[in-house]
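# Test case, fold it:
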Amino acid sequence: MTRVRNSWARARRKELDDCLRACAVHSGKLVGDLDRRRTELAERLGSLLAAGGVSPAVRTVRAPAPARGAIALLKRAVKGAEAPPAEIDDALLDALLAVAEKALECGDEEELKLALVVSDAVLAERRKSRAGWRLRAQTLDALDRDVEALEAYEQYLWLTDSDKFGLGPRIGVLRTVTGRERELLDLLKGQVPRAQEFAGGRRPATELWAEGLALHAAGDRPRAEPLLVGALLALAAGGATAGDRQDLLSQYMDLRTGTADDDPAALPLLTKEFALYAEQRRLRMRGPLADPTFGGVRWLSLGEFRNQIAGKSVCLISNSGRLGGSSMGSEIDAYDLVVRADSYRIDAEHTGIRTDIHATGHKHGLNWDKPVMTRIVLGGNSNDWKYSLRNRLVPGAQQCVGDESLRWPVRNVGKIGADRLSSAPTSGFNVLWLLDFLDVSPTLDLIGSDYYESGASQAAGALKPDLTPGFAFADEKEWVLGRARSATGTRISLR
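Just a heads-up that it's a prediction; the model follows:
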């Protein structure tokens, strides 16, 4: 029994050593990276690798001038030294989980794989770690490994008394989509019994699929069907990612569209197949909406927005640092309408407390939950914009939302191309240009803007202006100052 325990402990130690080695290697890849999330990941990797005295195994090392923490573990792993049985202590566990959280947030495949390595190392030592199972589930989900992700999500829920991270809806979606896909494959298997002969793994699914496609193109559907369905079954049994399975399933359903013409009696079954396919496909792409009306929101067109602001004094509050000591809060709140952009931060004395209109890029994730009268979501790509509206709007957080006529005012309404405004227009400039274009406000002021020469005053987690890709402020500044009726240190008046 002691031998078995020691063998298991060595396996756990190897898992941790491999994880730390992967963290050290990835840390080197992030040197000089300007992406905010990767910079933060690099900091957490540095904290992990510089941690001192976090493992009993490390503390047992007897050597002159010993290295400490995870670095010592790395050196020991390289030398192949024997490690006594030990568990990850709380400090090392926290450092590992912090790395996995940030790697998951980065979202690229390489970072996701690192997050998976970390979560596996944590779970190898602490099988009942709720944070470990949650991170593993979310990482597998992001990697499109839906079946494994669902198992990990369910393990997490079994270990916790409350779903404080709100994972229940996602688990429900995964249960539904994997269930519908299984139903569809069972239907196909029942119609093409010979498919089972090809689904056993003796031939790669890609080879089966290629041969089946060639036969189908030659008009030999009876021989093609077992190969095609066999390839679909082999992919499902072999743990292929959801993306790979969906690609072939989509192609197969395209091939099925003409079969009802050949056999009208097959139409009811074909209809059921397409219903199952469509439901799981839709849920994979969008997920269910708890409140499709977003709290009864009213959608504003360009003309309706004009009516909303007509005859009212309007101020647009900059997110620059200049307002920090301005004591302009009461003046700002005295305007009829207060407009703020993206990741604004409220400081009652200096910025005021009211926000009537929030203009935000669809990729920004901050302040969508703050109550406002109107939210104008901006974006250059229509499909991406629609996706963000569906997934980011918080029901009840706004009375009105701008429709597609307000999606990209500078480019779509003003027809101002890159020859006149070289960079992507910022959210603040988009809404300021729109307010000036509509020309129905007796007062239109830009407050606190120095185009970030004094730094930024933004909500925690916001991307720094100087790191925002595609944004350059020189053209916007020239446009604003060219239309200014008056300008002081804190206020530029366009009316």
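
# Where do the strands of the stretch 201-350 of the chain begin and end?
Here the stretch 201-350 of the chain has its strands, by DSSP state E, counting those that start in this stretch, at 298-300, 314-317, 337-341.

# who does the longest one touch, helix- and strand-wise?
Applying 3 or more Cβ pairs under 8 Å, 6 or more residues apart in numbering; DSSP states H and E, one finds that strand 337-341 makes contact with strand 314-317, strand 357-361, helix 427-438. No exception for glycine: its C-beta is placed from N, CA and C like everyone else's.

# May I see the strands of the stretch 201-350 of the chain arranged in JSON lines, with mean pLDDT as well?
Putting the strands of the stretch 201-350 of the chain into JSON lines (pLDDT from 0 to 100) gives the following:
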{"stretch": "strand 298-300", "mean pLDDT": "96"}
{"stretch": "strand 314-317", "mean pLDDT": "96"}
{"stretch": "strand 337-341", "mean pLDDT": "96"}
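
# Ok, which of the ones you listed comes nearest D144?
Closest approach to D144 among the strands of the stretch 201-350 of the chain (Cβ to Cβ): strand 298-300, 33.1 Å.

# Direction included, what does that closest one pair against?
If you go by DSSP bridges, strand 298-300 pairs up with strand 398-402 (parallel).

# what angle separates the partner strand from strand 357-361?
50 degrees (axes from the mean of the first three to the mean of the last three Cα atoms, to 10 degrees).

# How about residues contacting strand 398-402?
Counting contacts by Cβ atoms under 8 Å, 6 or more residues apart in numbering, the residues outside strand 398-402 that touch it are 294-295, 297-300, 305, 308, 358, 371-377, 389, 393.

# Tell me which entries of those residues lie within helices.
Members of these lying in helices (criterion: DSSP state H): F305, Q308, L389.

# Would you mind checking which of those residues is nearest to L270?
Nearest member of these to L270, counting by Cβ to Cβ, is L389, at 34.1 Å.

# if we can go back for a sec, can you tell me which of the ones in helices among the contacts of strand 398-402 lies closest to L159?
For the ones in helices among the contacts of strand 398-402, the closest approach to L159 (Cβ to Cβ) belongs to L389, at 34.9 Å.

# and the closest one, what does it touch?
L389 sits in contact with H362, V377, V401, where contact means Cβ under 8 Å, 6+ apart.

# The first one reaches R392, doesn't it?
If I follow you right, that is H362. Yes: applying Cβ atoms under 8 Å, one finds H362 in contact with R392, separated by 7.3 Å.

# neighbour count winner among these two?
H362 (20 against 16; other Cβ atoms under 10 Å).

# So what's the predicted local confidence for that one?
On the pLDDT scale, H362 is placed at 91.

# Contacts only, for it.
Applying Cβ under 8 Å, 6+ apart, we find H362 in contact with V377, L378, G379, D384, W385, S388, L389, R392.

# That one and W408, how far apart?
Taking Cβ to Cβ, to the nearest Å as the measure, H362 falls 10 Å from W408.

# Adding distance to S250 and mean neighbour count, write the strands of the stretch 201-350 of the chain out as a markdown table.
Converted to a markdown table, the strands of the stretch 201-350 of the chain look like this (distance: least, Cβ to Cβ, whole Å; neighbours: other Cβ atoms under 10 Å):
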| stretch | distance to S250 | mean neighbour count |
| --- | --- | --- |
| strand 298-300 | 32 | 16 |
| strand 314-317 | 46 | 26 |
| strand 337-341 | 40 | 25 |
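
# Quick one: those as CSV, columns for distance to S422 too.
Compiled in CSV, the strands of the stretch 201-350 of the chain are given as follows (distance: least, Cβ to Cβ, whole Å):
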stretch, distance to S422
strand 298-300, 30
strand 314-317, 22
strand 337-341, 20
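
# and A205, what does it touch?
Contacts of A205 by Cβ under 8 Å, 6+ apart are A231, L232, A234, L235, G238, A240, L248.

# residues in contact with S301?
With contacts defined as Cβ under 8 Å, 6+ apart, S301 is in contact with D403, S405, L406.

# Of those, keep whichever come out buried.
Among the contacts of S301, the ones that count as buried by 16 or more other Cβ atoms under 10 Å are D403, S405, L406.

# List phi and psi for the first one.
Backbone torsions for D403, taken as degrees, to the nearest 10, come to phi -80, psi -170.

# Please go through this structure and pick out the longest strand.
strand 372-378 (DSSP state E).

# what's that one packed up against?
When contacts are defined as 3+ Cβ pairs under 8 Å, 6+ apart, strand 372-378 sits against helix 302-309, strand 357-361, helix 382-392, strand 398-402, helix 427-438.

# which regions of the stretch 151-300 of the chain sit below the pLDDT cut-off?
The model of the stretch 151-300 of the chain has pLDDT under 70 over residues 258-263.

# can you pull out the helices in it?
Ranges of helices in the stretch 151-300 of the chain, per DSSP state H, counting those that start in this stretch, are 168-191, 195-198, 205-217, 221-237, 242-256, 259-262, 267-285.

# sorry, back to before: could you dump the helices and strands packed on strand 337-341 into CSV and include distance to E279?
Output for the helices and strands packed on strand 337-341, formatted as CSV (distance: least, Cβ to Cβ, whole Å):
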stretch, distance to E279
strand 314-317, 44
strand 357-361, 32
helix 427-438, 36
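
# Looking at the ones you listed, spot the one closest to E211.
Closest approach to E211 among the helices and strands packed on strand 337-341 is made by strand 357-361 (47.9 Å; Cβ to Cβ).

# Between helix 427-438 and the closest one, find me the angle.
For strand 357-361 against helix 427-438, the angle by the same axes, to 10 degrees is 120 degrees.
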